[in-house]
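Engineer: quick one: sequence and predicted model below, then my questions.
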Amino acid sequence: FRQYSMATVNDGAPQDFHAIAFGEGLGYASERWKGLQFRMAAGFTFDLNSSTFQDPDPVTGLFSRYEVGLFDVTDPTRVEDLSYLHEFQLNYVSRSGRHRTVFGKQELNTPLLNPQDGRMHPTLFEGLWQRSRIADGTELQGGWLYRVAPRGTSRWYHVEESTHVYPTGRNILGQPSQHGEHQRSLGIFALSLKQRILGKMSLTAWDVLVENMFNTMMLQLETGDRESRWSLSAMALQQNTVATGQLADPELAYMPRSEGSRAFSARLRHVPGRFRWQANYTRITADGRYLMPREWGRDPFYTFLPRERNEGLGDVHAATLNLILRDWRPGLRIEVDGGAYWLPHIDDARLNKYAFPSYAQYGLNTQYAFQGGWKGMAVQLLYLYKMPLFEQGLTERQAFNKVDMHHINLIVNYAF
């Protein structure tokens, strides 16, 4: 069961929003027979008390950005009796446990395709996915995905449809993006190889090809693990278009011909005990926008903070600091975050898809997992404040739901 309360307070005249949703998910898993298992799960959501999402803010003419995602972003009037299918799959686990194959509706958690679970249900994928531990310290995974159920929606979409469920911003010419109406794709083809080297060091390579749209390659190096006293992690990412013909033209393409992107991200972590800190930096070069449909997951960069991302941007410098205290009391985790994001000017359509201003973000993320007789219940409180980095002369419409705002979430989960 999940009860999710969310509110956004915009400074000044623009409208504020709130939503309180309640939902449940229930699943079934069969016994294994010769390694095979059938699984299915479904859920529902309904509104307890929320703003009216179909009415725009009277000052800016804009709508709720976050709260409507607790229901169905494709139809703001639908807030009651939303139901959706989470899992419907056949999976196989080899006798040795080294190989696992899943066909059907499933949840994935990878750097580029992930649940981004910050609403009533996570992002889910449908297709064929394989994970194998082919040798000690060597892991291989990948597959073909042909449908997506983005969080904040109540149905499944073909891959090309799923790229325009959320707002699509503008193309590099500054016109409203039209790629969603014209794309055709056979799906997402992904492959990853992870190799552990020199004890706690690991090297991971990813290639994610979206047929007829774009290709993303990522290389990630990690020294140590989450409990190592000191550790350093770094990643490099490159994207190129694979669209051809008319679908590579700037007016219609998701990633036009001659466009691409490069990004680099790094993290230094220190764990002296229950307390840990992480210093992070990301650079997206000015070669082009980093693009990955927001419907498919959150950013892979170490500078990612909840409720915002740098997808759709190029020429970015981002720096964040995470301060984390774990098990001060059993089951309690407290995280304080701060970050600064230097972005291209909002008028630069080629490098700023969503006209987002440079900003700073500060947040508090507290989580508590109950023990004893209440085991299975967990509570999370997330608060953040976003402000412009410097005086940018923003209008209320340009700032609305982006900066000069407070955002708070209270989430209660109970799993049994």
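Structural biologist: Right, received. Where do you want to start? This one's a predicted model, so the numbers in the text were calculated from it and none came from an experiment.
Engineer: do a quick rundown of the strands in the stretch 1-150 of the chain.
Structural biologist: Applying DSSP state E, counting those that start in this stretch to the stretch 1-150 of the chain gives strands spanning 2-10, 17-29, 36-50, 82-93, 99-106, 124-135, 138-149.
Engineer: again, but for the stretch 151-300 of the chain
Structural biologist: Applying DSSP E, counting those that start in this stretch to the stretch 151-300 of the chain gives strands spanning 157-158, 188-197, 201-210, 214-223, 230-241, 260-270, 275-284.
Engineer: just give the nearest non-adjacent residue to the most centrally placed residue in the chain, would you?
Structural biologist: For the chain, the residue nearest the mean C-alpha position is R298 (2.0 Å; CA atoms, centre = their mean). Spatially, and ignoring its direct neighbours in sequence, R298 is nearest to Q116 (4.4 Å; CB to CB, 6 or more residues apart in numbering). All C-beta spots, glycine's among them, are computed from the backbone N, C-alpha and C.
Engineer: for the stretch 101-250 of the chain, which spans come out with low pLDDT?
Structural biologist: Confidence mapping of the stretch 101-250 of the chain against pLDDT under 70 gives zero matching residues.
Engineer: try the stretch 251-400 of the chain
Structural biologist: For the stretch 251-400 of the chain, no range has pLDDT under 70.
Engineer: need the helices for it, in chain order.
Structural biologist: Ranges of helices in the stretch 251-400 of the chain, per DSSP state H, counting those that start in this stretch, are 396-399.
Engineer: quick check: which of the strands of the stretch 1-150 of the chain is buried the most?
Structural biologist: Of the strands of the stretch 1-150 of the chain, the one with the most neighbours on average (mean count of other CB atoms under 10 Å) is strand 2-10, at a mean of 20.
Engineer: strand partners (parallel or antiparallel) of that one?
Structural biologist: Note on strand 2-10: by DSSP bridges, its sheet partners are strand 17-29 (antiparallel), strand 405-414 (antiparallel).
Engineer: distance to F214 and mean pLDDT added to those strands, as JSON lines?
Structural biologist: Listed next are the strands paired with strand 2-10 as JSON lines, based on distance: least, CB to CB, whole Å; pLDDT from 0 to 100:
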{"stretch": "strand 17-29", "distance to F214": "33", "mean pLDDT": "96"}
{"stretch": "strand 405-414", "distance to F214": "31", "mean pLDDT": "97"}
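Engineer: mind putting those strands into TSV with distance to E107?
Structural biologist: Shown next, in TSV, are the strands paired with strand 2-10 (distance: least, CB to CB, whole Å):
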stretch	distance to E107
strand 17-29	11
strand 405-414	15
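Engineer: for L112, give me its contacts.
Structural biologist: By CB atoms under 8 Å, 6 or more residues apart in numbering, L112 lies in contact with A190, W206, V208, T216, M218, M292, W296, G297, P300.
Engineer: report how many residues lie close to the second one.
Structural biologist: Each residue near W206 was counted by other CB atoms under 10 Å, and the total is 23.
Engineer: test my guess that it contacts F189.
Structural biologist: No. Counting by CB atoms under 8 Å, W206 does not reach F189; the two are 11.7 Å apart.
Engineer: ok, now how distant is the nearest residue to F214 once chain neighbours are set aside from P344?
Structural biologist: By the measure of CB to CB, 6+ apart, the closest residue to F214 outside its immediate chain neighbours is M255, 4.3 Å from it. Separation of M255 from P344 (CB to CB, to the nearest Å): 17 Å.
Engineer: returning to what we had before: P150: which of the strands of the stretch 151-300 of the chain is closest?
Structural biologist: Nearest to P150 among these is strand 157-158; the distance by CB to CB comes to 7.3 Å.
Engineer: name the helices or strands packed onto the closest one?
Structural biologist: strand 138-149 (3 or more CB pairs under 8 Å, 6 or more residues apart in numbering; DSSP states H and E).
Engineer: so what are the sheet partners of the strand it packs on and their directions?
Structural biologist: strand 124-135 (antiparallel), strand 157-158 (antiparallel), strand 188-197 (antiparallel).
Engineer: run through who's touching that strand.
Structural biologist: 84-86, 105, 108, 110, 113, 121, 123-134, 155-159, 162, 186-196, 295-296.
Engineer: could you give the separation of it from the chain centroid?
Structural biologist: 16 Å (CA atoms, centre = their mean, to the nearest Å).
Engineer: quick one: L389 and W342 touch, right?
Structural biologist: Yes. The pair L389 / W342 is scored as a contact, 6.7 Å apart, by CB under 8 Å.
Engineer: so what sits against both of the two?
Structural biologist: Residues touching both L389 and W342 (CB under 8 Å, 6+ apart): S358.
Engineer: before we move on, back to that, and the residue nearest to the centre of the chain, how far is that from A318?
Structural biologist: R298 sits 14 Å away from A318, taking CB to CB as the criterion.
Engineer: cool, E335 as well?
Structural biologist: 18 Å.
Engineer: ok, the two, which is more surrounded?
Structural biologist: Between E335 and A318, counting by other CB under 10 Å, A318 is the more crowded of the two (23 against 18).
Engineer: now for that one: which residues touch it?
Structural biologist: Contacts of A318 (CB under 8 Å, 6+ apart): N280, Y281, T282, R283, F301, T303, N310, G339, A340, Y341, W342.
Engineer: in contact with the second one, which residues?
Structural biologist: Shown here is Y281, whose contacts under the criterion CB under 8 Å, 6+ apart are S265, A266, Y302, T303, H317, A318, A319.
Engineer: and the first one, by the same measure?
Structural biologist: Under the criterion of CB under 8 Å, 6+ apart, the contact partners of N280 comprise 265-268, 301-303, 318-322, 339.
Engineer: beta-bridge partners for it, please?
Structural biologist: R267, T320.
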